[in-house]
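S.K.: What follows is a predicted structure for the sequence shown.
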Amino acid sequence: MDKKIITTGISLNWSSMVDRDKLEIGMEVFFLHKKKVFTGKILKLNPTRARVKIRGKIVYDVNYKALLLGNPLVDGFEKDPILRETSNICTAMQLTSLLNELKADYGAVYKSVFSRDEMQKLSSLEACFGKRETYCRAGKYLPARNEIVITASLINAPGHVIKKVLHHEIFHIHFPHHGQMFRKLERSYKKFDEAERYIHALFQTIRFDNIFRNLRICTI
């Protein structure tokens, strides 16, 4: 094979994000990979990715969500409008209150899955914010401490977003991994899709902010 195919899945919420239906073979596009902005031309359009040639024999398979029609170093970056919804810093007392609301509202769901011992863990479960901002994991359950730690990135997030993370982590009392049943149960949260979109947009924005300082342009 005379071509090196590299797959990249980094996607950001850019002001110049492409419309999949408007892409054509030969069109010039931009995308982000390993702290660089690449520009190249589309060779092939696949169901979920575009094959883009940047220079020589180097070809990338790029997720459509990662493709840009404009150079982000010139055209800039626009945050997802959903991130305009923020709240005051969530205090420890407010976090405990959100956790208690979940226990009351979804107690029947938890009880349908948890054993008696696990229900006792749920009753004594605590939650706190971590010390660092992250953009990979929204939270984690620590069995040894019976505590949920939420990333500091969400400390200003709306209450329903924080509750979605708590709801997710509560199921780790019973499920160590994200199996099919886990995914089904976590979707019992009424504002799951809205909260998931918020978290995704926020993490993409943080990721962009962290790497923007070192971006370089690589041309054909």
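M.R.: That came in fine, so what should we check first?

S.K.: Any idea how many residues pack against Leu102?
M.R.: Each residue near Leu102 was counted by other C-beta atoms under 10 Å, and the total is 22. For every residue, glycine as well, the C-beta is placed using N, CA and C.

S.K.: how close does it get to Tyr189?
M.R.: 8 Å (C-beta to C-beta, to the nearest Å).

S.K.: Pull up the overlap in contacts between these two.
M.R.: Common contacts of Leu102 and Tyr189 (C-beta atoms under 8 Å, 6 or more residues apart in numbering): Lys163, His167.

S.K.: Name the residues of the longest strand anywhere in the chain that come out as buried.
M.R.: Longest strand in the chain, counting residues (DSSP state E): strand 36-45. Buried residues in strand 36-45, counted by 16 or more other C-beta atoms under 10 Å: Val37, Phe38, Thr39, Gly40, Ile42.

S.K.: Likewise for stretch 177-192?
M.R.: Across stretch 177-192, burial judged by 16+ other C-beta under 10 Å covers Phe182, Leu185, Glu186, Tyr189.

S.K.: Contact partners for the last one?
M.R.: Meaning Tyr189. Tyr106, Lys163, Lys164, His167, His168, Ala195.

S.K.: ok, the buried residues of stretch 177-192 vs Arg116, which is closest?
M.R.: Of all the buried residues of stretch 177-192, Arg116 sits closest to Leu185, with 18.4 Å by C-beta to C-beta.

S.K.: What helix or strand is the closest one located in?
M.R.: Take DSSP states H and E as the rule and Leu185 turns out to sit in helix 180-186.

S.K.: Would you tell me what the next helix or strand after that helix is?
M.R.: Heading C-terminal from helix 180-186 (DSSP H and E), you reach helix 192-211.

S.K.: Buried residues, that following helix. List them.
M.R.: In helix 192-211, counting by 16+ other C-beta under 10 Å, buried: 194-196, 198-199, 201-208.

S.K.: Distance to Glu133 added to the residues you listed, as JSON lines?
M.R.: Compiled in JSON lines, these are given as follows (distance: C-beta to C-beta, whole Å):
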{"residue": "Glu194", "distance to Glu133": "22"}
{"residue": "Ala195", "distance to Glu133": "18"}
{"residue": "Glu196", "distance to Glu133": "19"}
{"residue": "Tyr198", "distance to Glu133": "15"}
{"residue": "Ile199", "distance to Glu133": "13"}
{"residue": "Ala201", "distance to Glu133": "15"}
{"residue": "Leu202", "distance to Glu133": "10"}
{"residue": "Phe203", "distance to Glu133": "10"}
{"residue": "Gln204", "distance to Glu133": "14"}
{"residue": "Thr205", "distance to Glu133": "11"}
{"residue": "Ile206", "distance to Glu133": "6"}
{"residue": "Arg207", "distance to Glu133": "11"}
{"residue": "Phe208", "distance to Glu133": "13"}
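
S.K.: No further questions, thank you.
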